[in-house]
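Asker: Below is the sequence, then the predicted model.
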Amino acid sequence: MKLSSSVFALLCLICEIVSLALFLRGFFPVPVKSSFSDKSKVTDFPAEPQTGKHTLTIITKAPAPLFKRVVIVLIDALREDFVFGSDGRRFMPYTRHVMERGSSHSFIAKARPPTVTMPRIKALTTGSIPGFIDVVMNLNSPALLEDNLIWQAKSAGKQIIFYGDDTWVRLFPKHFMEHDGTTSFFVSDYTEVDNNVTRHLDGTLKRDDWDILILHYLGLDHIGHISGPHSSLIGPKLMEMDDVIKKIHASLVSKESEGTLPNLLVLCGDHGMSETGSHGGSSEPEINTPLVLISPTFRRKAGFEEPGVLEQVDLTPTLALGLGLPISKNSVGHLIPAMFEELSLREQLRLLQINGHQLSRLLQDSNPTFHKEVGYEQFRVAEKSHGSWMKLYVDGNTSEVLSNMGKKVLKQYLEALKAMSSALSKQLGKYDMYSMIMGMIFILQVLFLLLLAMPEALSREAVVDVPLASSLLSLPFYLLCLFGSALHVLVCTSAGGPCYLCSLPWVLVFTVIVLSSAFTCALVSMVARRMPTSNKTPTKNQSAGSDWTLSELDVLLLIGTVGHTLSLASSSFIEEEHQTWYFLLNTLCLAVFQDVCRKYFKEQRHRDEQDEGPLLPSGAKEGPSFFPAVELGMSPGSEKWLALATPLLTLTCCRLLRSLNQTGVQWAHLPDFGHWLNSGDHKAFLSLLAAVSLVLIFLLVQRHCSLVSKIALALGLLGVYSYRAAVGNVLFPWQHSSRAVSKGTVEARFVYVFVLGILFTGVKDLLRSQVMSSVVDSGRLKSRGLWEVYSGVVLLVALLFRAHNLPTLACCLLIQTVMAQFIWKKLHYDAAQTTIMHYWFGQAFFYFQGNSNNIGTVDISVGFVGLESYVEAPAIFLTALSTYAGPLLWACHLLCFLSSQRDRAVMGLGHGSYCFALLRSIPAVFYVVLVTGLRYHLFIWSVFSPKLLYEAMHTLINTAICLFFTFMDQERSARP
């Protein structure tokens, strides 16, 4: 079966997407869950050891609640230094006073990655550590069905009121007697979203018909997404939260009375905030959150004490037993001892025994070798010592020996609980190895298919002969299908854990087996066809492939691609991957500079007279040129010096862009030029820089557009500046206040109108070019249509980029222009070389934007530009477009560049599409194999897993790019 290179590349990438989806489904494990029963019950409480008939009536089987009411104030993205640091002293004076002089306990609660809201709410309510795939589920949270604190409280008759982030309402439908949810994704709003919570406080605090009040404030998180943790808006928001704490605490204190249980106020954060204002990763500012417990039952402090450190999930069992509820079955946390230090020794031991019993049952159910765990053995020893202590206690022994023995048992329990909790936390889940291996085999087959097809895919005909039809009629194919089916039945009948493939319909599984078997047979046939034989005349494609020679640039591109792929085996290189791409880009610029010098100096005396002419494509007479050299009126001499200056200009731009956004992990905390620009004192300079960047963008993009599109582009870029001025990022010359006057919704929609208009004009020209009979007119119209589509994308990206990132977009367009005009065509680089260079530039600009392999650097605020409320599909599209703007813009430019070259347009798009597929497949396949081998690595969840999600998303983006390449590769039907 013969396929054009572009169609072949597209089909391979689609198969890779399916393979990656299957691998991801198996790799991201199902969190550890107990299988004893669905929910914990009061009857699950263990009896006190060795009490027998002498059990005192003071301690019942189910412990009595310690608190009458509990108020939980959860402030989204509350970093620990916002409370315990200098910011807390300045902006939260009342909270600091209670911590230093009041009855309270303070801790730094560590949140496990992924540090996004929905998984953290799950952790706080279930006590379990959610799977990393919950990052994806964060956008659409389904109802939480596993055992949790909210369900236990409702089952026990507790009346719960909730106000705040509507994620709680989706996770716990019908659990609250009263609720008012606000969307957590519309990050432009940081005022009304909190006022909507606080407006209920006065009325609710006066009522006596509730037991638990949960308040989830979102404003601080939204400010972080908009302007970062050092914004001038942070201080007023912390003061607002301090007033809320003061109001709640005063109300709870006023309702305290003799003979009743005390109340408890909990102040906590779900996650922290990175230095860029985002979250999702594993840096210290993102995982360290404050936990402040305030209740009159605690001893009063004599001064500020350094907060202790604990796990965020430890709050779940502590609150459960504090309310007299069973601990959730899947909780991996252990009690916070300070909460119960005022209780009698017997009560403390009883609570620790209950927690240890729950953890030991979960450990037994999730670990076949649980009896070898140190924590389990320690718990059994502590329980026996507890029984011995109980015998002495029941017998009325009041000596100091009893007290010392009780303290020893208490210490044994605490050590056992910490050990079991740590063991369960490390065992995040059970991998679905069958799905992982099948996905890995499938994606390996696709890579080998791409590599074997290279000579044909990059030949002049750009046609690949895939022997699928002959494979389907071969005996090995049917044997492989039979073997795969038998293996599937064997695995599914003997699988001890969850298996996704085994849960799929048989027809779907058999289709996967047939495809894998066909790929295997096709690979064998292609290998046999490539093997040289003495009695076989080589085909035209084989002859072309055998004449390949590697230039110095080819060697550099090959070594760079392989070297980058191998670097992914190191966690440090993944965290600092931007450094790899910066180095490769600098090296590429130097290699290009060497080629320019060789062409203009070393080879000058050997060139013919016609080579001295201006820079024009060889097919310029047939249609419009992609390059404006003639329009600029440049002479050959000036062209030579501009060509020499192009690599140096590119190096200069790249160096400046590196200092604009500090990314990675090691140096992300250091201030960069972007922080300096975004500070309030330099807003005038940022405004000037943004205006100059927008003007440069217009000058670079408008050259190939129609008059209507030029006007639309100019008005659209003016709308971009107006939007940034409306939200307070930049200033107009007549503005004296930097206060945001609106949310910019009208201005953003004004820009969207022009984006859609330009895209419509471009698509119309592309469609008209398909029905025109004249080749020259068709080529001219197609070239203009492509450029107008590209212009529309540039305008949309300009709207989504933050003001300080507009120079990044301007430099991107400037480098594209000068490289296209003076390097790629003049030095006669072929389509494959040009594609690889575009790919490298796209990867580098991905990091120039400020992105990294940390989920926390994804700027979700751009998903709500021009929206009044959260709409899922546009938000996801805009966020993905903004994140991958660099690779997308370079791919679009490559499409325009290759389509403009009449001498090799027939094969250029096919070669480009194939190279894109191969460049994406090599690191993706290597990384899939790598994470399979490193699935128990220490940094698998904090470093390797986020990178795996980025690789999958990047593959999806490249598939969309290749789809557009294939659509534009209209000449493929005329190929032999």
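Answerer: Noted; the coordinates are in hand.
Asker: going forward, measure contacts and count neighbours with C-alpha atoms only.
Answerer: Will do.
Asker: Check which helices and strands the helix or strand harbouring Leu799 sits against.
Answerer: Here Leu799, judged by DSSP states H and E, is contained in helix 775-800. When contacts are defined as 3 or more Cα pairs under 8 Å, 6 or more residues apart in numbering; DSSP states H and E, helix 775-800 packs onto helix 707-726, helix 745-771, helix 872-883, helix 885-900.
Asker: Residues touching the first one, excluding its own?
Answerer: Going back to what we said before, that points to helix 707-726. Helix 707-726 is contacted by residues 690-691, 694, 698, 702, 730-732, 740-745, 747-748, 750-751, 754-755, 757-758, 761, 788, 791-792, 795, 798-799, 803 when judged by Cα atoms under 8 Å, 6 or more residues apart in numbering.
Asker: Pull out the buried positions in it.
Answerer: Neighbour counts over helix 707-726 (16 or more other Cα atoms under 10 Å) mark 709-710, 712-714, 716-726 as buried.
Asker: What of the third one?
Answerer: By neighbour count with 16+ other Cα under 10 Å, helix 872-883 contains the buried residues 875, 878-883.
Asker: Show the subsequent helix or strand relative to the lengthiest helix in the chain.
Answerer: Using DSSP state H to define each element, the chain has its longest helix at helix 905-933. Once helix 905-933 ends, the next helix or strand along the chain (criterion: DSSP H and E) is helix 945-968.
Asker: now that following helix, how far from the chain's geometric center?
Answerer: Between the centre of helix 945-968 and the centre of its chain there are 15 Å (Cα atoms, centre = their mean, to the nearest Å).
Asker: Please apply the same query to stretch 327-334.
Answerer: That offset, for stretch 327-334, works out to 28 Å (Cα atoms, centre = their mean).
Asker: mind checking the end-to-end distance for it?
Answerer: End-to-end distance for stretch 327-334, by Cα to Cα, to the nearest Å: 10 Å.
Asker: Identify the residue nearest Cys812 in space, chain neighbours excluded?
Answerer: Counting by Cα to Cα, 6 or more residues apart in numbering, the nearest residue to Cys812 once its immediate chain neighbours are dropped is Phe845, at 7.6 Å.
Asker: Isn't that neighbour up against Pro887?
Answerer: Yes. Under the criterion of Cα atoms under 8 Å, Phe845 makes contact with Pro887 at 7.1 Å.
Asker: Counting neighbours, go ahead and name the busier of those two.
Answerer: Neighbour count, other Cα atoms under 10 Å: between Phe845 and Pro887, Phe845 has more, with 28 against 24.
Asker: Now do that one against His578, distance only.
Answerer: Taking Cα to Cα, one finds Phe845 at 9 Å from His578.
Asker: Same check on Ile876?
Answerer: Distance of Ile876 to His578, computed by Cα to Cα: 24 Å.
Asker: what's the answer for Gln353, then?
Answerer: Noted for Gln353: a distance of 50 Å to His578, by Cα to Cα.
Asker: How about stretch 767-774, which residues are buried there?
Answerer: The neighbour-count check on stretch 767-774 (16+ other Cα under 10 Å) flags Ser769 as buried.
Asker: Stretch 953-968 now?
Answerer: Residues of stretch 953-968 classed as buried by neighbour count (16+ other Cα under 10 Å): 953-966, 968.
Asker: Spell out the residue ranges of the strands in this protein.
Answerer: According to DSSP state E, the chain carries its strands in the segments 2-4, 30-31, 70-75, 104-110, 160-165, 178-182, 212-217, 264-268, 288-294, 308-311, 429-430, 463-465.
Asker: Flag the shaky bits of the stretch 101-250 of the chain, pLDDT-wise.
Answerer: Within the stretch 101-250 of the chain, the stretches with pLDDT under 70 are 131-142, 184-188.
Asker: how about a cut-off of 80?
Answerer: 113-115, 117, 129-143, 183-189, 227 (pLDDT under 80).
Asker: residue closest to the middle of this structure?
Answerer: Ile855 (3.3 Å; Cα atoms, centre = their mean).
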